[in-house]
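J.: Got a predicted model here, sequence first, then my questions.
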Amino acid sequence: MRNRNKVYVFMLLDVLVIWGSVWLSYLLRFDGAIPASYITQGLIFSLVLTFTTLSSLVYFKLYNRVWQYASIGEMVSLFKAVTLSSILSYLAVTLAGQFSVPTSIFLSSYQCVFFLMGGLRFVRRMLGDNYYKKKGGQRAALIIGAGDCGIIITKELKHNPQSLMYPAAFIDDDKQKHKQQICGIPVVGGRDQIVSTVSRLNIDEIIIAIPSASKSEILGIIEICKQTKAKLKMIPKISDLIHGRVSIKEIRDVDVEDLLGRDPVKVDLYEIANYVEGKVVLVTGAGGSIGSELCRQVGPYNPKKLLLLGHGENSIYTIEMQLRQLYPALQLETVIADIQDVKRIEDVFAEYEPQVVFHAAAHKHVPLMERNPSEAIKNNVFGTKNVADCANRFRAERFVMISTDKAVNPTSVMGTTKRVAEMYIQSLNASSDTIFAAVRFGNVLGSRGSVIPRFKEQIANGGPVTVTHPDMIRYFMTIPEAVQLVIQAGAFARGGEVFILDMGKPVKIVDLATDLIRLSGFDPNSEIAIEFTGMRPGEKLYEELLTQEEGLSSTLHNRIFIGKPAHINHAELQFQLNKLNKSLVEEDSLRDKLKEIVPAYQHKPENKKELSLV
């Protein structure tokens, strides 16, 4: 009812505009004294123009527009409607009357109708526009990127009553936009003006609104923004702009993943589909961070059946529900099993006969495994052995094991057990029809046990942020890109390889902590402190990706390399594993047994001080 009343008001105003425009045109044409012979023509022209104009406005749906948000599109529609109605009215009156409507009157009335109708409608836009109205408590925002995305965000911030920010200025590298205004907001300069603008305008938030930019370009902007105290936010991807999803809800905090500055991984879809499509695929550790992402990324390649194997029922249930929502047609089987239970694993292989196995199940937490070495050995060594033996026995086509850079010259029990697992599948490959391979990479952001969630929790609690050592260095990769490369490496496997993923540049943990504090809007020097607690058992200052025996060769993918396959005597390794298995009850000798198998293992004795800091 309310909307209908607004339509009637607009129609009444339009009628007044039409009649006023026509008679004003006649008065101007005849210097204020309209001849009697033209009065009838004027009345007929006014009536016809009223009918045709209102009809055109209805046809072009101009009474259904929300003029508070009017733009060029509405003006184009109004132009079409008024032009069409004016021409039709002119022709109708001229053809039906005793003489034609003077051209000057036709043109003058046409102009008046168009500009007055447009003016009335944009008065509504101006009255409803909250430009230049800063509400109390709003934070000043600097928008980086004065393109389509930046303009949409600016309008959202200005119009949305729930917005906690208001746009104060634009930054854009396009010099033609400098010293111009867009949506009433000045473009103050290029990225070199970010730091000074934040200081001069007391900017609280910086929004990076360049969804089409490469990750390396975004990283360059972030590095500049880190010199300020403003909190960083960004629009994540260009698809948000394409699909019209750019809004205040889509603005997110800049995360650690953005600091890596690496462009998305490119994979060969044909090669991957060639070994996954139509196959029964088993993922062990399917409820973990790596395993669940493997399931999500294998799903689109149309496996015949996807087996989700894990020990924790809650995590398996969670990934099952996600996959059923993402891929309703995907055939799923959930298997609750412990890889240490060889009989249960044999039953799973016998029932489902998996053709492709991604082995992600493992104990990965370094300090915890230092205190529980027997559990690390049972799960990482003998659990892997159980799954690999079954893959061999039941003739799986391919077995890809997820390994770690901590397996190289290991100083921890966890790293050593992963190296033993690598050695076992390499030794098994020599006499098996199954293709066995391992994929080795460093830390993944956001995984269980990752340092990032811990840092974020400490920042949320007001600090301090704890770092073990100022010189600690690690390689980092996001979970999705690591898993994409794992699946791609599986296509390259010919048997016995250890694939090494290009992890990019190593990152100092203290720099990572500092960046996280800054990106959260705090000063690491005065607001949230960084404390050094000392290295934990099993840790080393930096990780390596290759052993001395492994040479490095390239693959068809620029982010995947191959460590030279090791020649390991399977019978001899089996003998050593039997000895290790018998020593599981004697934890004091476990590290010595591990060193017999992996001579590069350098155990660092634990001390009470370090243990107290874990």
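T.: Received it, and whenever you're ready, just let me know what you need.
J.: give me the number of residues near the residue nearest to residue 569 when sequence neighbours are not counted?
T.: Nearest non-adjacent residue to residue 569, counting by CB to CB, 6 or more residues apart in numbering: residue 427, 6.8 Å away. Any C-beta I mention is one placed from the backbone N, CA and C, and that applies to glycine too. Residue 427 has 22 neighbouring residues, counting by other CB atoms under 10 Å.
J.: Against which helices or strands is the helix or strand residue 427 falls within packed?
T.: Residue 427 is located in helix 413-429, with elements delineated by DSSP states H and E. For helix 413-429, the packing partners by 3 or more CB pairs under 8 Å, 6 or more residues apart in numbering; DSSP states H and E come out as helix 366-371, helix 373-376, helix 384-393, strand 398-404, strand 435-441, helix 570-582, helix 590-597.
J.: what angle do it and strand 435-441 make?
T.: The directions of helix 413-429 and strand 435-441 differ by 160 degrees, with axes from the mean of the first three to the mean of the last three CA atoms, to 10 degrees as the criterion.
J.: Could you save the helices and strands packed on helix 413-429 as JSON lines and add columns showing mean neighbour count, mean pLDDT and distance to residue 198?
T.: Shown next, in JSON lines, are the helices and strands packed on helix 413-429 (neighbours: other CB atoms under 10 Å; pLDDT from 0 to 100; distance: least, CB to CB, whole Å):
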{"stretch": "helix 366-371", "mean neighbour count": "21", "mean pLDDT": "90", "distance to residue 198": "40"}
{"stretch": "helix 373-376", "mean neighbour count": "20", "mean pLDDT": "94", "distance to residue 198": "49"}
{"stretch": "helix 384-393", "mean neighbour count": "22", "mean pLDDT": "97", "distance to residue 198": "52"}
{"stretch": "strand 398-404", "mean neighbour count": "26", "mean pLDDT": "94", "distance to residue 198": "41"}
{"stretch": "strand 435-441", "mean neighbour count": "26", "mean pLDDT": "91", "distance to residue 198": "37"}
{"stretch": "helix 570-582", "mean neighbour count": "14", "mean pLDDT": "91", "distance to residue 198": "59"}
{"stretch": "helix 590-597", "mean neighbour count": "17", "mean pLDDT": "90", "distance to residue 198": "53"}
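J.: Pipe the ones you listed into CSV and attach distance to residue 487 per row.
T.: Shown next, in CSV, are the helices and strands packed on helix 413-429 (distance: least, CB to CB, whole Å):
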stretch, distance to residue 487
helix 366-371, 26
helix 373-376, 26
helix 384-393, 17
strand 398-404, 8
strand 435-441, 9
helix 570-582, 27
helix 590-597, 30
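J.: now the helix holding residue 427 against helix 590-597, angle please.
T.: Helix 413-429 runs at 40 degrees relative to helix 590-597, counting by the same axes, to 10 degrees.
J.: Helix 413-429 to helix 384-393, inter-axis angle?
T.: Using the same axes, to 10 degrees: helix 413-429 against helix 384-393 is 20 degrees.
J.: Distance from helix 413-429 to the middle of the chain?
T.: How far helix 413-429 lies from its chain's middle: 34 Å, per CA atoms, centre = their mean, to the nearest Å.
J.: now stretch 16-33
T.: In terms of CA atoms, centre = their mean, the centre of stretch 16-33 is found 61 Å from the chain centre.
J.: Alpha carbons of it, in PDB - could you do that?
T.: Included here for stretch 16-33 are C-alpha records, laid out as PDB according to Å, rounded to 0.1, in the frame of the first residue of the first chain:
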ATOM      1  CA  LEU A  16       2.200  18.600 -13.400                       C
ATOM      2  CA  VAL A  17       5.700  18.500 -15.000                       C
ATOM      3  CA  ILE A  18       4.200  17.600 -18.400                       C
ATOM      4  CA  TRP A  19       1.500  20.300 -18.400                       C
ATOM      5  CA  GLY A  20       3.800  22.900 -17.000                       C
ATOM      6  CA  SER A  21       6.500  22.100 -19.600                       C
ATOM      7  CA  VAL A  22       4.000  22.300 -22.500                       C
ATOM      8  CA  TRP A  23       2.400  25.600 -21.500                       C
ATOM      9  CA  LEU A  24       5.800  27.100 -20.500                       C
ATOM     10  CA  SER A  25       7.000  26.200 -24.000                       C
ATOM     11  CA  TYR A  26       4.000  27.900 -25.600                       C
ATOM     12  CA  LEU A  27       4.500  31.000 -23.500                       C
ATOM     13  CA  LEU A  28       8.100  31.300 -24.400                       C
ATOM     14  CA  ARG A  29       7.300  30.700 -28.100                       C
ATOM     15  CA  PHE A  30       4.800  33.500 -28.200                       C
ATOM     16  CA  ASP A  31       6.500  35.900 -25.700                       C
ATOM     17  CA  GLY A  32       3.800  35.400 -23.100                       C
ATOM     18  CA  ALA A  33       0.700  35.900 -25.300                       C
END
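J.: Only the buried residues of it, if you could.
T.: 17-19, 21-23, 25-26, 29 (16 or more other CB atoms under 10 Å).
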